[in-house]
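Enquirer: Requesting a structural model of the entry that follows:
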Amino acid sequence: MLPLSIAPMMDRTDRHYRYFMRQITRRTLLYTEMVTSQAIHYGDTERLIGFTSVENPLVLQVGGDDPELLAECARLAAEFG
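Expert: Numbers count the residues shown, from 1 in each chain. Here you go, the predicted structure:
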């Protein structure tokens, strides 16, 4: 059996989409929308990377070109769980 993953589209879907997908299947690995490292660093972190336990397992997608900022975002995301 092949693993199934669902990756929402940036600016098209959100955490409500992930919640909906989780209701359809518990066995699928869900991904967040692509979030830029700048947005996480300067923006509303809860709104950008917040999630509920119902969505797990969940993978955060972060994009950027600054390795130090990406590492900071990874640490912040790890603190969020």
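Enquirer: for the helix or strand hosting E79, which positions count as buried?
Expert: E79 is part of helix 67-80 when elements are defined by DSSP states H and E. Applying a neighbour-count criterion of 16 or more other C-beta atoms under 10 Å, one finds L69, L70, C73, L76, A77 buried in helix 67-80. Quick note: C-beta positions are derived from backbone N, CA and C, even for glycine.
Enquirer: Roughly how far does A7 sit from L58?
Expert: In this view, A7 and L58 are 11 Å apart by C-beta to C-beta, to the nearest Å.
Enquirer: one step back: need the buried residues of helix 67-80 in a markdown table (columns: distance to T28).
Expert: Shown next, in a markdown table, are these (distance: C-beta to C-beta, whole Å):
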| residue | distance to T28 |
| --- | --- |
| L69 | 30 |
| L70 | 26 |
| C73 | 24 |
| L76 | 25 |
| A77 | 20 |
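Enquirer: nearest to F20, of those?
Expert: Using C-beta to C-beta, A77 comes nearest to F20 of the buried residues of helix 67-80, at 22.3 Å.
Enquirer: name the element the closest residue in space to that closest one that isn't next to it in sequence belongs to?
Expert: Excluding its sequence neighbours, the residue lying closest to A77 (C-beta to C-beta, 6 or more residues apart in numbering) is L60, at 5.0 Å. For L60, the host element (DSSP H and E) is strand 58-63.
Enquirer: what's the answer for R22, then?
Expert: Assigned by DSSP H and E, R22 belongs to helix 15-24.
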